[in-house]
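Q: below is the sequence, then the predicted model.
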Amino acid sequence: MKRKVTKAVFPVAGMGTRFLPATKSVPKEIMTLVDRPLVQYAIDEARAAGITEFIFVTSRGKGALEDYFDRAPELEASLKAKGKTELLKVLDDTTMDSGAIAYVRQHQALGLGHAVWCARHLIGDEPFAVLLPDDVIAAETPCLQQMVDAYAQTGGNMIAAMEVAPEMASSYGIMDVPPSIGRVLPMQGMVEKPAPGTQPSNLAAIGRYILSPQIMRHLGEIAPGAGGEVQLTDAIACEISERQNVYGYRFDGQRYDCGSKAGFLQATVAFGLARPELGEELEGFLRSIMAQRRAAE
């Protein structure tokens with residue numbers, strides 16, 4: 001019997017050096033995309049997929065991230081006194097129930113696999129999701145919900161898959177899968193950041209996973225891999241070798257890499273245009289800017 005996925009791990013221990021100096025004092029995960037922190041998009045996606053237990057793998061300097069999910073009594077009282085019920089509802093969506101959220105420290109920056117492994121005692125023997133807040137996905141049906149629905153049929157392990165250009169393959173974990181036009185792809189292997197020209201496919205793993213508890217055992221046993229870090233990709237490769245129960249999932253939606261400045265700006269524009277109260281004004285501004293640039297050329 002397949003067990004329901006109710007736990008999710010959010011690795012948020014990174015220093016966010018690509019966004020310095022902003023991240024000197026502000027955790028990257030609470031930088032705002034329009035008017036919501038990156039991490040809120042990941043939380044909302046997880047909630048929509050049925051996740052009820054949220055595990056954050058943090059590091060020193062992430063106190064503001066923890067405070068974000070706490071209540072703000074003075075602010076709430078002020079909004080209530082002024083009758084601002086809509087804003088109170090917005091705050092409610094950011095507050096986590098007592099006991100629903102847990103924090104685990106990653107004391108050394110030893111890679112994504114190590115960050116996930118830090119949550120092993122809270123995961124126990126249950127399947128779990130992993131969401132990387134840097135990967136923001138715009139989709140009519142949230143990406144993790146799509147994966148949970150597919151997982152209900154396959155069990156095992158499932159990883160969100162996205163096609164990338166050949167010259168970009170060396171920046172991702174790349175899936176070795178048989179030729180297929182379907183959404184669910186049985187994986188034959190996985191390579192982390194393959195050398196140019198050696199990638200087994202053009203399908204890259206991005207930051208959404210549904211994993212079996214056996215992955216934690218592999219993470220505890222494997223040696224450091226690419227970059228001297230414990231790679232989640234390597235643990236997944238072990239699971240493929242042992243059980244052949246790992247699937248790539250071609251999701252329906254648009255992914256934005258908000259771990260890069262260009263991706264963050266692209267997401268800001270796309271999400272701003274999608275907002276009814278902002279889209280028309282923003283589109284007009286963008287058209288004006290582009291017209292000015294063309295006139296100057």
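A: In hand now; what should we look at?
Q: rest of the way, CA atoms for contacts and neighbours
A: Fine.
Q: so Asp176 sits against Pro200, correct?
A: Yes: using C-alpha atoms under 8 Å, Asp176 is in contact with Pro200, at 5.2 Å.
Q: distance of Gln146 from Ile159?
A: 11 Å (C-alpha to C-alpha, to the nearest Å).
Q: more neighbours, Asp176 and Pro200?
A: Asp176 (20 against 17; other C-alpha atoms under 10 Å).
Q: for the more buried one, give me its contacts.
A: Met187, Gln188, Gly189, Met190, Val191, Pro200, Ser201 (C-alpha atoms under 8 Å, 6 or more residues apart in numbering).
Q: try 6 Å this time
A: Neighbouring residues of Asp176 by C-alpha atoms under 6 Å, 6 or more residues apart in numbering: Met187, Gln188, Gly189, Met190, Pro200, Ser201.
Q: in strands, which of the residues you listed fall?
A: Secondary structure from DSSP state E places Gly189, Met190 of these in strands.
Q: quick check, nearest of the contacts of Asp176 to Arg71?
A: Met190 (42.1 Å; C-alpha to C-alpha).
Q: now the strands for this structure?
A: Residue ranges of the strands in the chain, as given by DSSP E, are 7-11, 32-33, 36-37, 53-58, 101-105, 128-131, 135-138, 157-163, 173-176, 184-186, 189-192, 203-211, 246-250, 254-257.
Q: export the ones you listed to TSV and tack on distance to Arg294 and mean pLDDT?
A: Output for the strands of the chain, formatted as TSV (distance: least, C-alpha to C-alpha, whole Å; pLDDT from 0 to 100):
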stretch	distance to Arg294	mean pLDDT
strand 7-11	42	95
strand 32-33	28	91
strand 36-37	33	90
strand 53-58	45	92
strand 101-105	50	88
strand 128-131	40	97
strand 135-138	30	95
strand 157-163	32	94
strand 173-176	39	87
strand 184-186	44	92
strand 189-192	41	83
strand 203-211	36	94
strand 246-250	38	94
strand 254-257	27	95
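Q: Gln146 and Ile159: which is more packed in?
A: Taking other C-alpha under 10 Å, Gln146 and Ile159 do not tie; Ile159 has more neighbours (28 against 17).
Q: what's the spacing between that one and Leu232?
A: 11 Å.
Q: now swap in Lys261 and tell me
A: Distance, Lys261 to Leu232, by C-alpha to C-alpha: 25 Å.
Q: so between those two, which is more surrounded?
A: Using other C-alpha under 10 Å, the more surrounded residue of Lys261 and Leu232 is Leu232, with 23 against 12.
Q: could you report the neighbour count for the closest residue to the more buried one other than its chain neighbours?
A: Closest residue in space to Leu232, ignoring its immediate chain neighbours: Gly113 at 4.0 Å, by C-alpha to C-alpha, 6 or more residues apart in numbering. Gly113: 24 surrounding residues under other C-alpha under 10 Å.
Q: highest neighbour count among the contacts of Asp176?
A: Counting neighbours by other C-alpha under 10 Å, Met190 leads those with 25 neighbours.
Q: what about the residue nearest to that one when sequence neighbours are not counted, neighbour count?
A: Spatial nearest neighbour of Met190, excluding adjacent residues (C-alpha to C-alpha, 6+ apart): Met175 at 4.6 Å. Using other C-alpha under 10 Å, Met175 is surrounded by 28 other residues.
Q: same check, this time on Val177
A: Count around Val177 with other C-alpha under 10 Å applied: 18.
Q: that one contacts Met187, correct?
A: Yes: using C-alpha atoms under 6 Å, Val177 is in contact with Met187, at 4.8 Å.
Q: show me what contacts the nearest residue to Thr32 once chain neighbours are set aside?
A: Spatial nearest neighbour of Thr32, chain neighbours left out: Leu38 (6.1 Å); criterion: C-alpha to C-alpha, 6+ apart. Neighbouring residues of Leu38 by C-alpha under 6 Å, 6+ apart: Glu29, Ile30, Pro133.
Q: against Glu76, how distant is Gln266?
A: 33 Å.
Q: between those two, who's got more neighbours?
A: Ranked by neighbour count (other C-alpha under 10 Å), Gln266 and Glu76 place Glu76 first, with 18 against 15.
Q: and the gap between the more buried one and Asp70?
A: 12 Å.
Q: next one: the spatially most central residue of the chain, what pLDDT does it get?
A: Central residue of the chain (C-alpha atoms, centre = their mean): Leu132, 2.3 Å from the mean position. Looking at Leu132, its pLDDT is 95.
Q: good, we can wrap up now.
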